[in-house]
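**Q** Provide a 3D model corresponding to the input given below.
(2 chains)
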Amino acid sequence: EAQVTQNPRYLITVTGKKLTVTCSQNMNHEYMSWYRQDPGLGLRQIYYSMNVEVTDKGDVPEGYKVSRKEKRNFPLILESPSPNQTSLYFCASSPGSRSGEQYFGPGTRLTVT
Amino acid sequence: GENVEQHPSTLSVQEGDSAVIKCTYSDSASNYFPWYKQELGKRPQLIIDIRSNVGEKKDQRIAVTLNKTAKHFSLHITETQPEDSAVYFCAASTSGTYKYIFGTGTRLKVLA
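**A** Numbers count the residues shown, from 1 in each chain, chains lettered A, B, ... in the order given. A predicted model of the protein is given here:
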């Protein structure tokens, strides 16, 4: 089944404790992206990747890191999480420039206390 | 920076009526405009998109119109049904950049 998966789906952590949210797609998509969703603010792009080893900042990259060592995986790293990073996070992938449709993962709800 | 404004933030319509959601973008280089539907507790899913070389696109009860001069694009849903109730997001992007700016969303309620 073609899909985007994220883990974990739910995470409660404390300020300053490094964490990684994994994202994987099995559709051989070139493009992957991370978003955060907050009430009243919609979806805001954190980072995106056009292909392996190619990443760029979205609108809200501060406090986040990403890497794209393999085409299928695009982990989101929070080196020192803070309460303002409490949010719902979505990973998405897309075939590339000919098709703009993004396929979203199920979401990861992160709470930082 | 680039911005996409979306209105209204909430919209209630009677079943069978039409619903219109409007977005305005700021970056004149934007040339791809998707609309996503997000049901409660679910992930966003693409429902329709339009590129800047066309002014209108239809898919059954859903249509999107684009006015490049005014930098406006709109989602039109006709003959609304209860299952259309969801949050709808517009977005703008420029081909080749993969940078997306989303609107803040419209919560549509279709009243039976």
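
**Q** What parts of chain A come near chain B?
**A** A:31, A:33, A:35, A:40-45, A:48, A:50, A:56, A:58-59, A:90, A:94, A:97, A:100-102, A:104-107 (CB under 8 Å from any CB of the partner chain). Using the backbone N, CA and C atoms, a C-beta is placed for each residue, glycine as well.

**Q** Make a PyMOL selection of whichever of those residues turn out to be buried.
**A** Command for PyMOL, covering only those of these found buried under the criterion 16 or more other CB atoms under 10 Å in any protein chain shown:
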select buried, chain A and resi 31+33+35+42+43+44+45+48+50+58+59+90+94+100+102+104+105+107
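
**Q** Cross the residues of chain A next to chain B against helices and list the overlap.
**A** Using DSSP state H, the subset of the residues of chain A next to chain B located in helices is empty.

**Q** what ranges of chain A fall below the confidence cut-off?
**A** Within chain A, the stretches with pLDDT under 70 are A:97-99.

**Q** Go ahead and flag the most central residue of it.
**A** Nearest to the geometric centre of chain A sits A:W34, at 3.0 Å (CA atoms, centre = their mean).

**Q** Output the set of residues of chain B in proximity to chain A.
**A** B:1, B:6, B:9, B:32, B:34, B:43-46, B:49, B:89, B:91, B:93, B:95-96, B:98-105.

**Q** which SS class is B:I50?
**A** strand (DSSP: H, G, I helix; E, B strand; the rest coil).

**Q** Hmm, it is touching B:A63, no?
**A** No. When contacts are counted by CB atoms under 8 Å, B:I50 is not listed as touching B:A63 (9.4 Å).

**Q** got any residues that touch both of the two?
**A** Both B:I50 and B:A63 are in contact with B:56-57, where contact means CB atoms under 8 Å, 6 or more residues apart in numbering or on different chains.

**Q** neighbour count winner among these two?
**A** B:I50 (21 against 17; other CB atoms under 10 Å in any protein chain shown).

**Q** Residues in a beta bridge with the more buried one, which ones?
**A** Going by DSSP bridges, B:I50 is paired in beta bridges with B:F33.

**Q** sorry, back to before: and the gap between the residue nearest to the centre of chain A and A:G107?
**A** Look at A:W34 and A:G107: by CB to CB, to the nearest Å, they are 11 Å apart.

**Q** before we move on, what about A:Y31?
**A** Distance, A:Y31 to A:G107, by CB to CB: 19 Å.

**Q** What of A:A2?
**A** Going from A:A2 to A:G107 by CB to CB gives 18 Å.

**Q** Name all residues that make contact with B:T80.
**A** Residues counted as contacts of B:T80 (CB under 8 Å, 6+ apart) are B:13-19, B:61, B:108, B:110.

**Q** helix/strand/coil for it?
**A** Once three-state DSSP is applied, B:T80 turns out coil.

**Q** likewise A:N28?
**A** Quick answer, by three-state DSSP: A:N28 is coil.

**Q** Scan chain A for its longest strand.
**A** The residue-count maximum for a strand in chain A (DSSP state E) belongs to strand A:42-51.
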